[in-house]
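*Asks:* dropping the sequence and predicted coords here.
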Amino acid sequence: MHLSEGILSGPILLSGGVLAVMGTAIGLRKIDQERIMTTALLAAAFFVASLVHVPIGPGSVHLLLNGLMALLLGWGCFPAIMVALLLQAVFFQFGGFTVIGVNVVIIAGSALLGSLFFRTWLANPKKRAMAGFLAGFLSVAWAALFMALALVTTDQNFLTTAQVVFAAHLPVMVVEGVITMFVVGFLARVQPEILGLNQR
Amino acid sequence: MAIYFFNNYHVNRHRFLGGACALVLLCLAASPVYAHKVHIFAYADGGLLKTESRFNGGRPARNCAITVHSLDGQDIVASGESDEQGLFHFPVPERSGDLDIIISCGDGHRGSWRLGAEEYPSAGAESASHAHSPSAPFDGEGQDVLLRKIIAEEVEKKLAPLRRDLARLAEKRTSLQDILGGIGYLLGLAGLAAYMKFKKTT
């Protein structure tokens, strides 16, 4: 899910950077003191999850956990993903420094789009599992679409790219959906305040 | 201040411990070799330059476009697609020089490898000795040239697997230190953020 350096053109990199900085600024303002540790832990989980390879399907893909992050953090997922991606570029050589902005938009923006709607479902015990699965599933699906969109500007055909990326990530979507569903269910039982249930 | 922080810590302690446990589990699941960058390396084998490409998890990078650029002219020396095993080969280019070999998999994965001019035998030298040898196979000088050529070829054959191993070793692998280092940074940043917010509220 990390675009490598040297693929995208300057304008795309720049607009990605601008959007990423805006999202991060909004996210930073939304994180209050109580949520700092949660944000850091989820960022750490995201940082490590990229090393967990999903050995199904045609491509080389890994876990993202972006749906889980957006579900629990909302806009706060932007700064968390930004920092985690920076660290991944340094330590794992995933992605790269010039593409950070685009990668943040692909991963965090899609997660927000895929999860924001389901955040209100978390309070409802009947809908909670569904919200977890859908947020995890849709966040990866949107991310694949965003990625294909970013690659349109290269000489590749959009439909072919979208198909390749989508097919590669289909197993990840399902796995992410299931993981997010279980994590949300587990947290609701053990640490409901992390879902924001006690605060409202 | 200390009391405030301690109280706050107490409230968050269970949350923190739960998260930390989950993180440890995730670390165990993440075997350091399982990453997803695409790797490519090249080595000389006889008159061919061979490339091997795979994702860090060990999966060969199939059907990925490979282009070979010369560094001096920036033009494309060879291009093609990796096969089912992630392999590709092309003849040694006419003009020797450093080569940039770039693999692009169409889904945003891209990797490159630089093959130095000294790492492969030049095509020009080989063809020159070919032209020389049949004309005077038995005079002293011709024999000398022929012998040199045979030795060079044999050495090259023996060197090929070594070059392959060296190229493979040059890959940077993700280690446990990298993972723990990253997590350390994140926790440190969280501490810093907590401190800044705390200072603002007081």
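*Replies:* Great, that's in hand. Numbering: from 1, shown residues only, chains lettered A, B, ... in the order given.
*Asks:* in chain B, which spans are helices?
*Replies:* Along chain B, the stretches classed as helices by DSSP state H are B:2-29, B:123-135, B:140-169, B:176-201.
*Asks:* lowest average pLDDT across these?
*Replies:* Mean pLDDT is lowest for helix B:123-135 among the helices of chain B, at a mean of 51.
*Asks:* who's in contact with B:K37?
*Replies:* A:S4, A:F92, A:Q93, A:F94, B:F55, B:N56, B:H109, B:G111 (Cβ atoms under 8 Å, 6 or more residues apart in numbering or on different chains). Bear in mind the C-beta positions are built from the backbone N, C-alpha and C, glycine included.
*Asks:* mind checking which of those are in strands?
*Replies:* The strands, defined by DSSP state E, take in B:F55, B:G111 from the contacts of B:K37.
*Asks:* A:L85 is in contact with A:V105, isn't it?
*Replies:* No. Using Cβ atoms under 8 Å, A:L85 makes no contact with A:V105, being 10.7 Å away.
*Asks:* which residue is nearest the middle of chain A?
*Replies:* The residue lying closest to the centre of chain A (Cα atoms, centre = their mean) is A:N66, at 2.5 Å.
*Asks:* look at A:L85 and A:V105 and report which has more neighbours.
*Replies:* Using other Cβ atoms under 10 Å in any protein chain shown as the criterion, A:L85 and A:V105 rank with A:L85 on top: 28 against 23.
*Asks:* can you give me the helices in chain A?
*Replies:* A:10-30, A:36-49, A:66-73, A:77-91, A:100-104, A:110-115, A:125-152, A:158-190.
*Asks:* pipe these into CSV and attach distance to chain B and mean pLDDT per row.
*Replies:* Formatted as CSV, the helices of chain A follow (distance: least, Cβ to the nearest Cβ, whole Å; pLDDT from 0 to 100):
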stretch, distance to chain B, mean pLDDT
helix A:10-30, 9, 92
helix A:36-49, 3, 91
helix A:66-73, 11, 91
helix A:77-91, 4, 93
helix A:100-104, 9, 92
helix A:110-115, 14, 92
helix A:125-152, 6, 89
helix A:158-190, 5, 87
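*Asks:* hey, which of those is tucked in deepest?
*Replies:* Most buried of the helices of chain A by mean neighbour count (mean count of other Cβ atoms under 10 Å in any protein chain shown) is helix A:66-73; its value is a mean of 30.
*Asks:* domains of chain B?
*Replies:* B:2-32+B:176-201, B:38-169 (automatic domain parsing).
*Asks:* how about those in CSV, adding mean neighbour count and distance to A:K126?
*Replies:* CSV is the format used below for the domains of chain B (neighbours: other Cβ atoms under 10 Å in any protein chain shown; distance: least, Cβ to Cβ, whole Å):
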stretch, mean neighbour count, distance to A:K126
domain B:2-32+B:176-201, 15, 24
domain B:38-169, 16, 38
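*Asks:* distance to chain A added to these, as a markdown table?
*Replies:* As requested, the domains of chain B are exported to a markdown table (distance: least, Cβ to the nearest Cβ, whole Å):
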| stretch | distance to chain A |
| --- | --- |
| domain B:2-32+B:176-201 | 3 |
| domain B:38-169 | 4 |
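*Asks:* A:S115 is nearest to which of those domains?
*Replies:* domain B:2-32+B:176-201 (18.9 Å; Cβ to Cβ).
*Asks:* contacting residues around the nearest residue to A:F146 once chain neighbours are set aside?
*Replies:* Excluding the flanking residues, the one nearest A:F146 by Cβ to Cβ, 6 or more residues apart in numbering or on different chains is A:I106, at 4.4 Å. Listed by Cβ under 8 Å, 6+ apart, the contact set of A:I106 reads A:M1, A:L3, A:A143, A:F146, A:M147, A:A150.
*Asks:* can you add distance to A:W121 and give those residues back as TSV?
*Replies:* Compiled in TSV, these are given as follows (distance: Cβ to Cβ, whole Å):
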residue	distance to A:W121
A:M1	25
A:L3	31
A:A143	21
A:F146	23
A:M147	26
A:A150	30
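*Asks:* which one among the residues you listed gets closest to B:I76?
*Replies:* A:L3 (22.7 Å).
*Asks:* so that closest one is in contact with A:A148, correct?
*Replies:* No. Counting by Cβ under 8 Å, A:L3 sits too far from A:A148 to count as a contact (10.9 Å).
*Asks:* how about the contacts made by the closest residue to B:C64 other than its chain neighbours?
*Replies:* Counting by Cβ to Cβ, 6+ apart, the nearest residue to B:C64 once its immediate chain neighbours are dropped is B:C105, at 4.1 Å. Contact partners of B:C105, counting by Cβ under 8 Å, 6+ apart, are B:V38, B:A61, B:C64, B:A65.
*Asks:* per-residue pLDDT, the third one?
*Replies:* The model reports B:C64 with a pLDDT of 86.
*Asks:* can you give me how far stretch A:66-73 is from the chain middle?
*Replies:* In terms of Cα atoms, centre = their mean, to the nearest Å, the centre of stretch A:66-73 is set 7 Å apart from its chain centre.
*Asks:* only C-alpha atoms, please: export that stretch in CSV.
*Replies:* Only the C-alpha atoms of stretch A:66-73 are listed here, as CSV (Å, rounded to 0.1, in the frame of the first residue of the first chain):
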residue,chain,number,x,y,z
ASN,A,66,-6.2,1.9,9.0
GLY,A,67,-9.9,1.2,9.5
LEU,A,68,-9.4,0.4,13.2
MET,A,69,-7.3,3.6,13.6
ALA,A,70,-9.9,5.8,12.0
LEU,A,71,-12.7,4.1,13.9
LEU,A,72,-11.1,4.7,17.3
LEU,A,73,-9.3,8.0,16.5
